[in-house]
Structure formats: C-alpha cells, structure tokens
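Novice: Okay, structure incoming, though there's no sequence with it:
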C-alpha cells in the first residue's frame with residue numbers, strides 16, 4: 001500500500017508515538033484525579049505535553065493550552081465560547097465544515113456571518129475580506145491552509161486586519177500545524193485550533209486550542225474537573241476551564257511524542273522535504289495532458305497537497321482505480337470543503353487529493369505517476 005491521504009490523517013508515525021501511548025496505557029491513572037503515583041504520572045505527562053505544544057506554537061504560557069478530542073471540538077469550543085447573538089463573524093470560502101457548520105448554527109441563533117470569497121486559483125482577496133468588517137465584528141475565523149488545494153493564507157496579515165478592526169482571530173491550523181512554522185505571539189494569533197492526527201503525527205482523538213492571554217472563552221462543556229469539586233460552577237481558570245471530564249491522557253502522550261518529533265526535525269525541514277515530493281509529482285503530471293490541477297498557486301505558501309482531476313472522469317472512479325489496481329490511497333469527493341470546491345469549479349466532479357507526508361518517498365511518487373499515466377491512457 002502507498003499512502004497519499006495524509007491530509008486526512010497521517011498513517012506512518014514516528015515509532016516513539018506508539019511507544020508513548022503503550023507506556024501510558026500501562027501506567028497512567030486519571031489526570032488530576034488523585035495523589036497516588038499513577039495519577040501524578042498522568043498529570044505530569046499531560047503537563048509536559050502542554051509545554052511541548054506551547055513551545056512549538058509560541059504560546060505565551062503552557063497553561064493556555066487546552067486539550068480536546070480534535071480540531072472540530074476545538075473550533076466549536078472557540079466559536080461558541082466567543083460569539084453571541086448580535087455579534088458579527090467573518091470566515092472565508094476556504095473553510096472546512098469544522099468551521100462552517102458551527103458558524104452556520106451560530107448564524108441560525110442570531111450571529112451575523114460574512115464569507116470572503118476565494119478565487120478560482122485558490123487565492124484570497126485580502127482587501128475584499130477587509131471590506132466585510134463592521135463595527136460589531138467580533139471574530140475573524142480562518143483556515144490557515146486549505147485542506148483541498150493546499151493554499152496557505154497569510155495568517156499574520158489576517159491577524160493584523162482583525163486587530164485593526166477590534167476583532168479576535170481564530171485560526172484553524174489542522175492542515176498547517178507541524179508543517180508550516182507557527183508562532184502565536186509573533187504572528188498575533190488569538191486562538192489557534194489544532195488536531196493531533198495529521199501533521200503532528202499523534203493519535204486520532206487528540207487535539208487542542210491555544211488561547212492568547214486576555215482572550216476569555218466560555219466552556220463548551222462543564223462537569224468534572226478534579227479540583228474545586230464543591231463549587232457549583234466549573235473552574236474559570238485555564239486550562240481546566242476548557243477541559244471538563246477526564247482527559248485522554250494516553251492519546252495525549254502519543255501527541256506529545258509526535259510534537260517532540262516535529263520540534264526536533266523542525267517544521268521548515270519537514271515542509272521542505274514534503275514540497276520536494278510535490279514538485280516531483282507536479283512535474284510528472286504536467287506531462288499528462290488530461291490531468292488538471294486545482295488551486296495550489298493562490299496562497300502565500302502551500303502544504304503538500306495536490307488536488308486533481310483526470311478529464312471528465314468522476315473523482316471517485318479515479319480514486320477507486322488507484323486503490324484497487326495499484327494500492328494507492330487518495331481521497332476523492334468533496335473533502336468537507338463545499339465552498340472551496342465551488343470556488344475551484346469542482347462541485348460536480350469532486351477532486352482526487354494526493355497529500356504527502358515526511359515519510360513518503362520519491363519512489364512512491366514515481367509509482368503513482370506511472371499509475372496515473374496508465375489510467376489516463378485507459379480512462380480519459
């Protein structure tokens with residue numbers, strides 16, 4: 001099997017990730033649920049994971065890192081915890097449904113919503129976006145990188161626009177965390193939402209949100225916290241404020257191992273290796289006349305994602321042929337990014353997404369190119 005679906009979840013992980021999960025499964029008690037050795041070990045492990053995430057993303061203080069089950073929960077926590085009826089929010093057509101659907105539900109409840117368009121090349125018009133700000137704009141919620149086209153948007157410029165208009169910026173870093181350098185303090189990011197199972201090489205079911213000092217988010221969930229148990233209200237201090245219930249300590253240890261791997265190799269080095277694979281792949285498919293690439297040239301940078309179609313062949317048919325005949329795993333269809341497909345003109349056909357990882361090889365890329373040439377000769 002050749003795995004090119006890393007934008008959905010990375011399959012090959014650093015060996016230390018599985019080892020960390022296994023060790024935690026055999027030694028951890030409940031995080032913050034006791035003063036015995038097993039509970040204290042869990043608490044210390046999670047604290048060290050906060051520090052690792054804080055260091056990677058330039059968070060002001062490790063206590064401002066709250067863990068969640070994935071970026072979807074993180075975005076729901078941030079958006080429902082910041083926006084009230086009468087507030088105005090802005091997002092872009094590059095947003096994933098993890099961003100769009102909470103915003104649509106908030107719109108149904110009285111929040112005003114504007115969506116900045118994306119060009120047919122994947123580009124964002126920053127001046128057009130700025131024209132959408134209003135006196136009651138509270139949140140600019142943006143995807144740092146498109147999960148469909150790989151286009152990366154200028155988060156520092158977007159943060160500056162938000163702050164110039166008195167708004168908070170919430171960044172979905174699902175596709176950029178681990179592969180594009182991020183520093184909340186230097187880039188002016190107020191809330192950074194991430195997931196563990198993609199470019200951070202952690203297990204599924206892990207993620208979190210990093211919250212800048214001075215930003216207060218209402219909790220999405222309340223309940224057991226391990227502290228202040230006699231209080232009627234859930235603790236108001238971070239990170240407990242956003243972490244009701246027993247944490248996934250086992251998974252978080254895998255996430256920490258992935259984060260430390262990324263920190264040791266360096267996001268820039270990871271990005272450079274992945275983009276070398278993209279360049280090799282795109283050079284190869286440029287020689288196949290029936291293949292069209294969608295987006296990928298409209299951002300200030302890009303991730304290792306290539307969305308393509310072969311003639312008028314349905315994306316599901318092509319992706320299935322790649323899998324069944326050649327053992328190549330890709331992602332076809334709508335990719336939970338309906339507005340981005342509309343912008344790129346691929347709503348009806350969908351697209352086949354190849355997404356590369358640090359652990360993929362040039363030989364795998366060459367095999368995929370040979371498969372595409374063969375399928376183009378037969379299907380196009």
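Specialist: Done, it's in. If you're wondering where the values come from, they're calculated on a predicted model, not measured in any experiment. Residues are numbered from 1 along each chain as shown.
Novice: in the stretch 151-300 of the chain, which spans are strands?
Specialist: Under the criterion DSSP state E, counting those that start in this stretch, strands of the stretch 151-300 of the chain are mapped to 151-152, 168-172, 191-195, 207-211, 291-294.
Novice: So which of these is nearest residue 63?
Specialist: Set against residue 63 and scored by Cβ to Cβ, the strands of the stretch 151-300 of the chain come closest in strand 207-211, at 9.5 Å. Every residue, glycine included, has its C-beta placed from N, CA and C.
Novice: mean confidence score for that closest one?
Specialist: For strand 207-211, mean pLDDT rounds to 98.
Novice: now swap in stretch 242-252 and tell me
Specialist: For stretch 242-252, the per-residue pLDDT averages 93.
Novice: Not counting that stretch itself, show me its contacts.
Specialist: Applying Cβ atoms under 8 Å, 6 or more residues apart in numbering, the contact partners of stretch 242-252 are 21, 24-25, 28, 30-33, 42, 45-46, 49, 66-69, 77, 81, 196, 202-206, 209, 211, 217, 219-225, 234.
Novice: From residue 7, how far out is the residue nearest to residue 278 when sequence neighbours are not counted?
Specialist: The shortest distance from residue 278 to any non-neighbouring residue, by Cβ to Cβ, 6 or more residues apart in numbering, is to residue 304 (5.1 Å). Going from residue 304 to residue 7 by Cβ to Cβ, to the nearest Å gives 8 Å.
Novice: what sits in contact with each of these two?
Specialist: Joint contacts of residue 304 and residue 7 (Cβ under 8 Å, 6+ apart) are residue 355.
Novice: I'd assumed residue 274 was in contact with the residue nearest to residue 278.
Specialist: Yes - here residue 304 lies in contact with residue 274, judged by Cβ atoms under 8 Å, at a distance of 3.6 Å.
Novice: which residues are common contacts for the two?
Specialist: 179, 356-357.
Novice: residues touching the residue nearest to residue 278, list them.
Specialist: 6, 150, 179, 271, 274-275, 277-278, 355-357.
Novice: which of those residues lies closest to residue 90?
Specialist: Looking across these and measuring by Cβ to Cβ, the closest to residue 90 is residue 150, at 22.4 Å.
Novice: and that closest one, what does it touch?
Specialist: 175, 278, 295-296, 299, 302-307, 355.
Novice: about what we covered before: quick one: buried ones out of the contacts of residue 304?
Specialist: With burial judged by 16 or more other Cβ atoms under 10 Å, the buried subset of those is 6, 150, 179, 271, 274-275, 277-278, 355-357.
Novice: so which of those residues would you say is closest to residue 127?
Specialist: residue 150 (23.2 Å).
Novice: What confidence value was assigned to the residue nearest to the closest one when sequence neighbours are not counted?
Specialist: Take residue 150 and drop its neighbours on the chain: the residue closest to it by Cβ to Cβ, 6+ apart is residue 305, 3.3 Å away. Confidence at residue 305, expressed as pLDDT, is 98.
Novice: For residue 305, what are phi and psi?
Specialist: Backbone torsions for residue 305, taken as degrees, to the nearest 10, come to phi -130, psi 130.
Novice: and the gap between it and residue 153?
Specialist: 14 Å.
Novice: What's the separation between residue 362 and residue 54?
Specialist: Going from residue 362 to residue 54 by Cβ to Cβ gives 35 Å.
Novice: neighbour count winner among the two?
Specialist: More crowded of residue 362 and residue 54, by other Cβ atoms under 10 Å: residue 54, with 19 against 11.
Novice: thought the more buried one was touching residue 64?
Specialist: Yes - Residue 54 lies in contact with residue 64 (Cβ under 8 Å); the separation is 7.4 Å.
Novice: For the stretch 51-200 of the chain, just list every one of the helices.
Specialist: In the stretch 51-200 of the chain, the helices defined using DSSP state H, counting those that start in this stretch lie at 71-82, 97-108, 126-130, 155-164, 184-187.
Novice: Mind listing the shared neighbours of residue 54 and residue 64?
Specialist: In terms of Cβ under 8 Å, 6+ apart, residue 54 and residue 64 are both contacted by the residues residue 210.
Novice: before we move on, back to that, state the number of residues packed around the residue nearest to residue 150.
Specialist: Residue 305: 26 neighbours (other Cβ under 10 Å).
Novice: who's in contact with residue 211?
Specialist: For residue 211, the contact set (Cβ under 8 Å, 6+ apart) comprises 64, 66, 190-191, 217, 238, 242.
Novice: Can you say which of those are buried?
Specialist: Applying 16+ other Cβ under 10 Å to those flags 64, 66, 190-191, 217, 238, 242 as buried.
Novice: can you put these in JSON lines and add distance to residue 106?
Specialist: Listed next are the buried ones among the contacts of residue 211 as JSON lines, based on distance: Cβ to Cβ, whole Å:
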{"residue": "64", "distance to residue 106": "24"}
{"residue": "66", "distance to residue 106": "20"}
{"residue": "190", "distance to residue 106": "17"}
{"residue": "191", "distance to residue 106": "15"}
{"residue": "217", "distance to residue 106": "14"}
{"residue": "238", "distance to residue 106": "23"}
{"residue": "242", "distance to residue 106": "18"}
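Novice: Closest to residue 375 out of the residues you listed?
Specialist: residue 191 (42.8 Å).
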